[in-house]
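> Predicted model, plus sequence, below.
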Amino acid sequence: DTMDKTSPKTTPSLLRLIAAFCTLEIALLFLLQILYQQAIYPVNIFGKLEGIDYYDPFYIGSLLLNADMSPYIHARYSAPPLFALLNTPFLSFRPQTMSYVLSGVSFIIVTMGTVWTFRLFHGRDIDYVKISANILIIMAFSFPFLFLFDRSNIDALVFCSVLLGIFLMTSSEIMAGVCFATAFALKIYPIILLAPLVVLRKKTIIASFLICSAAYILLQKKHWITYIEILKQRSQKFEYHENASMAAAMHYFGEII
C-alpha cells in the first residue's frame, strides 16, 4: 500500500534522475570524442552492413540449415540452433529488409518491456504519458540498446520470451516454463532463471522449463552437440572486442587494483 501511494511521485523523479545520468554520460563521450579526435560507437553504419548480426551470422546460418547443413559451418554462428530454424521461412525476404524489421521489433519490445516493468514495480497509478519522454531518453542513450538496435541481434526476442514467462507465472505456470525454455533455446544465458525458480519452489515452471528445453534440444540434437562443443571453446577465450561478459567489464577495474 505504501508503494502504491508514493510511486506516482517517486517514479517520475527516479526516471528523470536516470535520464539525466544517461544524457550526461553521452555528452561526456561526445566531448571526449572531440578531445581525442577518435570515432566512437555508435557510428553511422545502420543499414549499410545488412544489420551485421542478422545477416552475419543468423541469415547465413539459416541458409546453411535450409540446405541441410550445419549452421556452425559458418564460424560466426555461435548461438543455439533454434533461431536458424525459426528464421528459415523468412529467407525469401532480403536480409537488409529483415534487419530493419528486427531492429523495429526490438525497439517495440524494449519499450513495452520497460513500461511494463515500471507498471509491475510501481502499480497502475503512473501517468505513462508524462514519463514516456524519460523512457525514450533512457533507451536512446543506452549503449546496450543502441548496440542491439544497430546490430539487429536477437536478444530482444530473448527479452520478450522472458517477459512473457514472468507475466504468465501467475496464470499459467506451464506456459511460463515454455517461454523461459524458448528464451534459453534462443540464447543460452536465460538458463540462470532456474536459480530464482528453485528458490521460489516453482516446481511446475521448472518441470515445464526442463521438459520444453529437452524437446528443443532433441529437435536439433546434432546441431546442439556441435553448439556445446563450440561453447566450450568460446568459454576458454577472453577478449574485449564486442564482449559483454562480466569478466571483460571488470577487467580494467582489476588492472587498476
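Structure received. Numbers count the residues shown, from 1 in each chain.
> Helices of the stretch 151-257 of the chain, start to end?
In the stretch 151-257 of the chain, the helices defined using DSSP state H, counting those that start in this stretch lie at 155-168, 173-186, 194-199, 203-219, 221-235, 246-256.
> How about residues contacting the fifth one?
Outside helix 221-235, the residues within contact range by C-beta atoms under 8 Å, 6 or more residues apart in numbering are L65, S70, P71, Y72, S78, A79, P80, P81, A84, I188, I217. Backbone N, C-alpha and C define where each C-beta goes, glycine included.
> okay if I get the helices of the stretch 151-257 of the chain as JSON lines plus mean neighbour count and mean pLDDT?
Supplementary listing: the helices of the stretch 151-257 of the chain in JSON lines, determined by neighbours: other C-beta atoms under 10 Å; pLDDT from 0 to 100:
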{"stretch": "helix 155-168", "mean neighbour count": "20", "mean pLDDT": "95"}
{"stretch": "helix 173-186", "mean neighbour count": "23", "mean pLDDT": "97"}
{"stretch": "helix 194-199", "mean neighbour count": "12", "mean pLDDT": "96"}
{"stretch": "helix 203-219", "mean neighbour count": "17", "mean pLDDT": "97"}
{"stretch": "helix 221-235", "mean neighbour count": "13", "mean pLDDT": "91"}
{"stretch": "helix 246-256", "mean neighbour count": "10", "mean pLDDT": "78"}
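> of these, which approaches P89 most closely?
With C-beta to C-beta, the closest approach to P89 among the helices of the stretch 151-257 of the chain belongs to helix 155-168: 14.9 Å.
> Who are the packing partners of that closest one?
Contacts of helix 155-168 with other secondary structure elements, assessed using 3 or more C-beta pairs under 8 Å, 6 or more residues apart in numbering; DSSP states H and E, are made with helix 95-122, helix 173-186.
> change it to 10 Å
In this structure, helix 155-168 makes packing contacts with helix 82-86, helix 95-122, helix 143-151, helix 173-186, helix 203-219, judged by 3 or more C-beta pairs under 10 Å, 6 or more residues apart in numbering; DSSP states H and E.
> Distance of D150 relative to A75?
When distances are taken as C-beta to C-beta, to the nearest Å, D150 and A75 turn out to be 22 Å apart.
> who's more crowded, those two?
The residue with the greater number of neighbours, taking D150 and A75 and applying other C-beta atoms under 10 Å, is D150; the counts read 22 against 8.
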